[in-house]
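J.: Mind looking at a prediction? Sequence and model below.
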Amino acid sequence: MPSKNKDAPKHSEAAGTQTPDRANTNAKLQSLEADRSDATGQALRTNQGVRISDNQNTLKAGDRGPSLLEDFIMREKITHFDHERIPERIVHARGTGAHGYFQSYGCHAELTKAGFLQDPKKITPVFVRFSTVQGPRGSGDTVRDVRGFAVKFYTDEGNFDLVGNNMPVFFIQDAIKFPDFVHAVKPEPHNEIPTGGSAHDTFWDFVSLVPESAHMVVWAMSDRAIPRSLRMMEGFGVHTFRLVNAEGVAHFVKFHWKPSEGVHSVLWDEAQKLAGKDTDYHRRDLWEAIETGDYPEWELGVQIVPEADEHKFDFDLLDPTKIIPEELVPVTPLGKMVLNRNPDNFFSEVEQIAFCPGHIVPGIDFTNDPLLQGRLFSYTDTQISRLGGPNFHQIPINRPVAPNHNNQRDAMHQHIVHKGRAAYEPNSIDGGWPKETPPGPRDGGFETYQERVDAHKIRQRSDSFGDHFSQARLFFQSMSPTEQQHIIKAYSFELGKVEREHIRARQVNEILANIDLKLAAAVAENLGLPAPKAGTVKVKGSQLAESPALSQMNHPGKVGIKGRKIAVLIANGVDAASVDKMVKALEAQSARPMLLGPTSAPVKAADGTQLPVDASMEGMPSIMFDGIVVPAGKASTDAMAASGLAKHFLLEGYKHLKAMVLTQELLATLGLKEDKGLLTGDDQKAMDAFVKAVEGHRVWEREAAAEAVPA
Ligand code: HDD
């Protein structure tokens, strides 16, 4: 992989390097450093510290004799190995993560007393874990699924975990339904199929019986469920939270992460192919971006609603199946997050990180959202079985940078040698320490927002949670025609995999027909079902006819084609000057050009120079790139025109609406016509148009023409 940014800090230098960004995370790094192990120059020893003289042979009675039980070295090694696996997360098992930092844009004291949001000079270390929901640890990255977006802020006042998703709503309204939902979406119990996807009977059975899922399911059938990159996803806290200032005044807020690289997806056909050709597509992309210095960045913002306006909307703020449309309450930016360091060890950091929505700091508080309330219980509970007991906060990646003295003691995997004799409070033996801190505007003890509660104990859903279709309709109707078609195709694909016709019919007639009759009719036609009648639910509709903020097309990003991967296809006889010109034009835009040859062997240019390639066209197919360029050269063009591999690469790129620059000869051979993103030549004009087309992510105008191309 060519490193675009030659000065970018490399992973192995992580601990010591002092670039400005790197220095920012030092507090957390220093606290982790003591636990990092570098065996360079060290003798091989047992866990008890004994030097090992032979790591090749078990102790035996004679060189052909039986192994001896007394071989403590072999036994220790095998025993440890036998216990290397821990239970994977019950949901969100497949994930990857990175270190970085958060920096506030200014002082937000009017909104919250949380220390990390007061001072633009304050750098707060973070660790982010992205995940899919359904699949196990080894499942594919590009499956159709919701993506987890969990951020741990190591603030001076304790850890704050914002455990969100890349979609702003959820499938259910009450936590008591979570095990039902998860059992339905997970692989079916009799045969453990499918891995990583929701295209099966039990999922569609559940969601077609539970109309509160309607809104989230349209999101899951949209392009949001197949992101191009983890760097190109929005993140959402989903629930309404509270921010509380030093005077005790609270505002309702919804948290948003906005990516500087825009919100982009792959096409469904690419997603499926990638799941086979590069199972690790997303984790590789994030890793490489950070290694090459293209640090992903998001803006943290909040939608702010004064307490007095709680009942101003046509939905309930406590209902996690609802958004606050950004056109009604715009997102106020608070600060930015940059991911600038890859983990040193996947297991220790990504696998062992333990998030919990209940990890909050003074200045942040919950609401009565019944989904959120249940989550407050579930996460710690799950860590206890996953990480082997209640001391998981002592694992380096989970440890706060804030001190955390208290009288909790013992339990499995206790790493701290607590001094003193009084593990209770109040005490007079250890001088009364550790002591409570009264609440206060700064550095005070945590104080819960004093919401008044006066109610009967009941098991009942509020009527204000009863409208399941207005926002699902708003979402569908806010999509561009292209996005709507993708949604129709996704429902058709998924329901087409459902074996039971009554489930397909119920989803179409009882859910989709209430969302949008055109959507229902199109899906019904694709499934061969009778045309649906208008839905029977009286849908009151949203305050807005459309919410443009919901369409990905309206989130192009602010960094041009920075970090976009471009395939430069070459073969023997290529014009080296043309290669150089195109690569330089791409590098000037901070894109990542990669040279691909027919094989992994170097390519011999027309002037005799040897051009080493980054990969073969087979090793890195077109689905791994955002755009394709072919430099000039008569012999190389002829070779590609005669090569099934090269032609497939190019036709597949065309079909997936990628921006491309070809030679005239190849254009003719492939029988393609130039369009806004299919260009010829290698001059600056062609490259400028190419860059513009990559910025647009895909050449959407080509969609109809591309349908006819077999690839
Ligand atoms: Fe959850 C993990 C996000 C509802 C119970 N959840 C988990 C992760 C994310 C979310 C991103 C992975 C964290 C990581 O990377 O380690 N979950 C959500 C969102 C929800 C939500 C955005 C709704 C708005 N979750 C939810 C409910 C429950 C859970 C209602 C239970 C009542 N979630 C869990 C869990 C997990 C988890 C079982 C599995 C592993 C873990 O917590 O640490 O406790």
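T.: All right, it came through fine. Numbers count the residues shown, from 1 in each chain.

J.: quick one: the helices in the stretch 351-500 of the chain?
T.: With helices called from DSSP state H, counting those that start in this stretch, the stretch 351-500 of the chain shows them at 370-386, 470-477, 481-496.

J.: Run through who's touching the one helix or strand residue 694 maps to.
T.: Using DSSP states H and E, residue 694 sits in helix 684-695. With contacts defined as C-beta atoms under 8 Å, 6 or more residues apart in numbering, helix 684-695 is touched by 556, 560-561, 564, 566, 582, 585-586, 589, 591, 626-627, 629, 659-661, 676-677, 679-680, 699. Heads up, the C-betas are built off the backbone N, CA and C, glycines and all.

J.: hmm, 7 Å instead?
T.: For helix 684-695, the surrounding residues in contact (C-beta atoms under 7 Å, 6 or more residues apart in numbering) are 556, 560-561, 564, 582, 585, 589, 626-627, 629, 659, 661, 676-677, 679-680, 699.

J.: Skipping adjacent residues, who's closest to the residue sitting nearest the centre point of the chain in space?
T.: Using C-alpha atoms, centre = their mean, the residue of the chain that lies closest to the mean C-alpha position is residue 130, 3.6 Å off. In space, and not counting its chain neighbours, residue 130 is closest to residue 230: 4.5 Å by C-beta to C-beta, 6 or more residues apart in numbering.

J.: Does that neighbour touch residue 280 like I think?
T.: No - counting by C-beta atoms under 7 Å, residue 230 stays clear of residue 280, with 11.8 Å between them.

J.: what's the neighbour count on the closest residue to residue 436 other than its chain neighbours?
T.: Take residue 436 and drop its neighbours on the chain: the residue closest to it by C-beta to C-beta, 6+ apart is residue 445, 5.9 Å away. Neighbours of residue 445 under the rule other C-beta atoms under 10 Å: 11.

J.: Tell me, what's the model's pLDDT at residue 445?
T.: Residue 445 is assigned a pLDDT of 97 by the prediction.

J.: How many neighbouring residues does the residue nearest to residue 130 have?
T.: 27.

J.: how much space between it and the ligand?
T.: 12 Å (C-beta to the nearest ligand atom, to the nearest Å).

J.: Distance of that residue relative to residue 132?
T.: 11 Å (C-beta to C-beta, to the nearest Å).

J.: again, but for residue 505
T.: Plainly put, residue 505 is 29 Å away from residue 132 if you go by C-beta to C-beta.

J.: And these two? Which one has more around it.
T.: Ranked by neighbour count (other C-beta under 10 Å), residue 505 and residue 132 place residue 132 first, with 25 against 18.

J.: Who are the contact partners of the more buried one?
T.: 94, 139, 143, 145, 147, 196.

J.: Tell me the predicted confidence for whatever residue of the stretch 451-600 of the chain ends up closest to the ligand.
T.: When scored by C-beta to the nearest ligand atom, the stretch 451-600 of the chain has residue 465 as its residue closest to the ligand, at 14.4 Å. At residue 465, the model reports a pLDDT of 98.

J.: how close does it sit to residue 171?
T.: 14 Å.

J.: Those two: who's more crowded?
T.: Between residue 465 and residue 171, counted using other C-beta under 10 Å, residue 171 has the larger neighbour count: 28 against 18.

J.: how close does the more buried one sit to residue 205?
T.: Applying C-beta to C-beta, the value for residue 171 to residue 205 is 13 Å.

J.: try residue 637
T.: 54 Å.

J.: which of these two has more neighbours?
T.: The neighbour count for residue 637 versus residue 205, taken as other C-beta under 10 Å, is higher for residue 637 (24 against 17).

J.: Setting the sequence-adjacent residues aside, check what's closest to residue 550.
T.: residue 478 is the one closest to residue 550 (C-beta to C-beta, 6+ apart), at 4.3 Å.

J.: List the residues that contact that neighbour.
T.: Residue 478 touches 546-548, 550-551, counting by C-beta under 7 Å, 6+ apart.

J.: re earlier: what about the contacts of residue 132, which are in strands?
T.: residue 147 (DSSP state E).

J.: who wins for neighbours among the contacts of residue 132?
T.: residue 94 leads these on contacts (other C-beta under 10 Å) with 27 neighbours.

J.: quick one: least confident helix or strand in the protein?
T.: Scoring the helices and strands of the chain by mean pLDDT, DSSP states H and E places helix 20-24 at the bottom, with a mean of 42.

J.: CA atoms only: put stretch 442-458 into PDB for me.
T.: Taking C-alpha atoms only, stretch 442-458 is exported to PDB below (Å, rounded to 0.1, in the frame of the first residue of the first chain):
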ATOM      1  CA  ARG A 442     -17.200  22.500  38.700                       C
ATOM      2  CA  ASP A 443     -15.700  19.300  39.900                       C
ATOM      3  CA  GLY A 444     -18.800  18.500  41.900                       C
ATOM      4  CA  GLY A 445     -20.200  15.100  42.600                       C
ATOM      5  CA  PHE A 446     -22.700  13.700  40.100                       C
ATOM      6  CA  GLU A 447     -26.200  15.000  40.700                       C
ATOM      7  CA  THR A 448     -29.200  13.600  38.900                       C
ATOM      8  CA  TYR A 449     -31.500  16.100  37.200                       C
ATOM      9  CA  GLN A 450     -34.400  16.500  39.600                       C
ATOM     10  CA  GLU A 451     -37.200  15.500  37.300                       C
ATOM     11  CA  ARG A 452     -40.600  15.300  39.100                       C
ATOM     12  CA  VAL A 453     -42.200  11.900  38.900                       C
ATOM     13  CA  ASP A 454     -45.800  11.400  40.200                       C
ATOM     14  CA  ALA A 455     -47.400   8.300  38.700                       C
ATOM     15  CA  HIS A 456     -49.100   5.000  39.100                       C
ATOM     16  CA  LYS A 457     -47.000   1.800  38.400                       C
ATOM     17  CA  ILE A 458     -48.300   0.500  35.100                       C
END
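
J.: Disregarding flanking residues, what is the spatial nearest neighbour of residue 465?
T.: Residue nearest to residue 465 in three dimensions, not counting chain neighbours: residue 319, with 4.7 Å by C-beta to C-beta, 6+ apart.

J.: Over to residue 482?
T.: Of all residues not flanking residue 482 in the chain, residue 700 sits nearest, at 5.2 Å (C-beta to C-beta, 6+ apart).

J.: Also residue 543?
T.: residue 314 is the one closest to residue 543 (C-beta to C-beta, 6+ apart), at 5.4 Å.
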